[in-house]
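# model the structure of this input:
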Amino acid sequence: MPIKAVVWDIDDTLFDYATADSAGMSAHLAAEGLLEDHGGPEAALARWKSVTRRHWARFAAKEVDFQGQRRDRVREFVGAPLSDAQADDWFDRYFGHYAAAWSLFPDVLPALDALAPHYRQAVLSNSSAVPQSQKLRSLGVHDRFEALLCAAELGVSKPAAEAFLAVVEALGLAPEEIAYVGDQPETDARGAHDAGLLGVWLDRGGSGLPAPEGVHRITSLGQLPALLTADTRFGAPSTFG
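Take a look at the predicted model:
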């Protein structure tokens, strides 16, 4: 059965999240006069990323809601029992610097243009719809996608099959008619594969790690059109790993 739709992860797939997060936090801490309080820029950024991973995992496990994980990230990073309003204000100041650094990866617009005549396109993110919609609008690609589904509103996060099947239902297609593209081999690509979609791991850095079983790896979105037209799930060899 041919692929009819491509569903995308956003952060570190379409949008260069890692660079924007690092630049935004560095600018925010400098503006707040806090860089040296955290041992300098590199140590501060490493700690922010560690705190973010920990509280994002709590959100994915439904231990806290989306806004709650943001507040808890701030409280742990600052090391103070901030009120909700104080934590929100701190995060909003950071977010302004973060948003100023937003950018798409260079291969994104050419890939979206190449796929648009042949495939429907949508987004499935482990974030929340409001910030992700804002991000896509700011980057000028929001209207490229006919559906935007996010974990905070779905109540379930990737790699759970229910998350992928929600976008399957939204598009009104069979799972095998949809390819899912993301930067995480397990959360994105294996999760999609296990739900019956074509799982595509975008390994931009060329990590050299083996792709999970059943998953197809590409190192650039320029390789995606050829992969989608290849009958790789039904016996034909994949040249992408």
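# buried set for stretch 217-232?
By neighbour count on 16 or more other Cβ atoms under 10 Å, the buried set for stretch 217-232 is Arg217, Ile218, Leu221, Gln223, Leu224, Leu227, Leu228, Thr232. (Each C-beta comes from the backbone N, C-alpha and C, glycine too.)
# including pLDDT, could the residues you listed go into JSON lines?
What follows is the buried residues of stretch 217-232, written out as JSON lines (pLDDT from 0 to 100):
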{"residue": "Arg217", "pLDDT": "96"}
{"residue": "Ile218", "pLDDT": "97"}
{"residue": "Leu221", "pLDDT": "98"}
{"residue": "Gln223", "pLDDT": "96"}
{"residue": "Leu224", "pLDDT": "97"}
{"residue": "Leu227", "pLDDT": "96"}
{"residue": "Leu228", "pLDDT": "96"}
{"residue": "Thr232", "pLDDT": "50"}
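# of the residues you listed, which is the nearest to Val130?
Within these, proximity to Val130 (Cβ to Cβ) peaks at Leu221, which comes in at 26.1 Å.
# which residues does the closest residue to the closest one other than its chain neighbours contact?
Using Cβ to Cβ, 6 or more residues apart in numbering and skipping residues adjacent in sequence, the residue nearest Leu221 is Ala111, 3.7 Å away. Residues in contact with Ala111, defined by Cβ atoms under 8 Å, 6 or more residues apart in numbering, are Leu221, Gly222, Leu224, Pro225.
# among the residues you listed, which ones are in helices?
Taking DSSP state H, the ones among those that sit in helices are Leu224, Pro225.
# ok so, going back, next, give phi and psi for the residue nearest to Leu221.
Backbone geometry at Ala111, expressed as degrees, to the nearest 10, gives phi -70, psi -40.
# now do Ala122
In terms of degrees, to the nearest 10, the main-chain angles of Ala122 are phi -150, psi 180.
# which residues touch the strand or helix carrying Ser26?
Using DSSP states H and E, Ser26 sits in helix 17-32. Contacts with helix 17-32, where a contact means Cβ under 8 Å, 6+ apart, come from 10-12, 35, 38, 41, 44-45, 48-49, 52, 93-103.
# and these, which of them are in helices?
Among the contacts of helix 17-32, the residues falling in helices (DSSP H) are 41, 44-45, 48-49, 52, 93-100.
# which of those residues are buried, as a PyMOL select command?
Buried members of these, defined by 16+ other Cβ under 10 Å, are picked up in PyMOL with:
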select buried, resi 44+45+48+52+94+95+97+98
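# circling back: could you measure from the residue nearest to Leu221 over to Pro131?
With distances taken as Cβ to Cβ, to the nearest Å, Ala111 is found 23 Å from Pro131.
# what about the strands in the protein?
Assigned by DSSP state E, the strands in the chain fall at 5-8, 120-125, 148-150, 178-182, 198-202, 216-218.
# from the contact counts, what lies against the helix-or-strand element of the chain with minimal mean pLDDT?
One helix or strand of the chain scores below all others by mean pLDDT, DSSP states H and E: helix 41-60, with a mean of 87. Packing contacts for helix 41-60, counted by 3 or more Cβ pairs under 8 Å, 6 or more residues apart in numbering; DSSP states H and E, involve helix 17-32, helix 66-78, helix 151-154.
# give me the nearest residue to Arg47, chain neighbours excluded.
Distance criterion Cβ to Cβ, 6+ apart; nearest residue to Arg47, sequence neighbours excluded, is His38 at 6.0 Å.
# typo on my end, it should be Asp72
Spatially, and ignoring its direct neighbours in sequence, Asp72 is nearest to His55 (5.0 Å; Cβ to Cβ, 6+ apart).
# that neighbour contacts Val74, correct?
No: assessed by Cβ atoms under 8 Å, His55 is found out of contact with Val74, at 9.5 Å.
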